[in-house]
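[1] let me see the structure of the following:
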Amino acid sequence: MATASAGGTLVIWWPAFTVGAYDAVFFDDMLALWAVATAVLLSGAVLWRRGVLPWAGALALFLPSVWIVLDMVAPRSQGFPYLHYFEVVLTMVGAPMLTWLLSRILLPDYAALPALQRLGAVAVTVVVGLLAFLLGQFNYLFLTCADFDVSGNNVPPHCAQGPPFHVSGQNTGRGSR
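    Just a heads-up that it's a prediction; the model follows:
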């Protein structure tokens, strides 16, 4: 369960943070979700005889590819205003779905586990996603605009002014941790 939870949270934490901080899911996050979903889909296809990947799961794993196709055919001049909402929903629903499917594929006795344990990995992913979203919303409480600059990210609206956090022993005015 921990392996599947870790896989799901690796997929959801940054997109959830960026939705909180920027009100956007960035293309590299969507492509990461696509890569993981495609890997799990192909792994499930290889293991098809074991019955580890149900049809609904295969369809869910195919949705990131649908997003890419929609993005390719969407008119560039006017844009496709609803595509952004599809990206957010796909990311926030896709990561817990990936966790569930990873559990089915990676744990041979998954079906024998009690229902609460089977849902536990998905619940962990959802909780981490919600926490990451809140961290993005309230980034100004623990990050500065300079932290975003130093990391190579765009500065989100409403970030706090101040020097970046440094792990070295130098005093940056923000204290050391």
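
[2] any figure for the gap between residue 157 and residue 85?
    20 Å (C-beta to C-beta, to the nearest Å). Any C-beta I mention is one placed from the backbone N, CA and C, and that applies to glycine too.

[3] let me fix that: residue 60
    Here the criterion is C-beta to C-beta. By it, residue 60 lies 17 Å from residue 85.

[4] between the two, who's got more neighbours?
    residue 60 (20 against 10; other C-beta atoms under 10 Å).

[5] enumerate every residue touching the more buried one.
    37, 93-94, 97, 101 (C-beta atoms under 8 Å, 6 or more residues apart in numbering).

[6] in PyMOL, select just the buried ones from these.
    A single PyMOL command selects the buried members of these (16 or more other C-beta atoms under 10 Å):
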select buried, resi 37+94+97+101
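
[7] what's the most distant pair in the contacts of residue 60?
    Maximum pairwise distance among the contacts of residue 60 (C-beta to C-beta): 12.4 Å, between 93 and 101.

[8] give me the helices and strands touching the least confident helix or strand in the chain by mean pLDDT, please.
    The helix or strand of the chain with the poorest confidence is helix 83-106; it has a mean of 72 (mean pLDDT, DSSP states H and E). The helices and strands touching helix 83-106, judged by 3 or more C-beta pairs under 8 Å, 6 or more residues apart in numbering; DSSP states H and E, are helix 2-22, helix 27-46, helix 55-73, helix 115-137.

[9] which non-adjacent residue is nearest residue 125?
    Counting by C-beta to C-beta, 6 or more residues apart in numbering, residue 8 is the residue found nearest to residue 125 once chain neighbours are left out, at 3.5 Å.

[10] isn't the one you found up against residue 122?
    Yes: counting by C-beta atoms under 8 Å, residue 8 touches residue 122, with 7.3 Å between them.

[11] looking at those two, which is more packed in?
    Applying other C-beta under 10 Å to residue 8 and residue 122 shows that residue 8 carries more neighbours, namely 28 against 21.

[12] show me what contacts the more buried one?
    Counted by C-beta under 8 Å, 6+ apart, residue 8 has contacts 95-96, 98-99, 102, 121-122, 124-125, 128.

[13] could you list the low-pLDDT ranges of this protein?
    Residue ranges of the chain with pLDDT under 70: 1-4, 7, 47-53, 75-81, 84, 91, 105-108, 166-177.

[14] no further questions, thank you.
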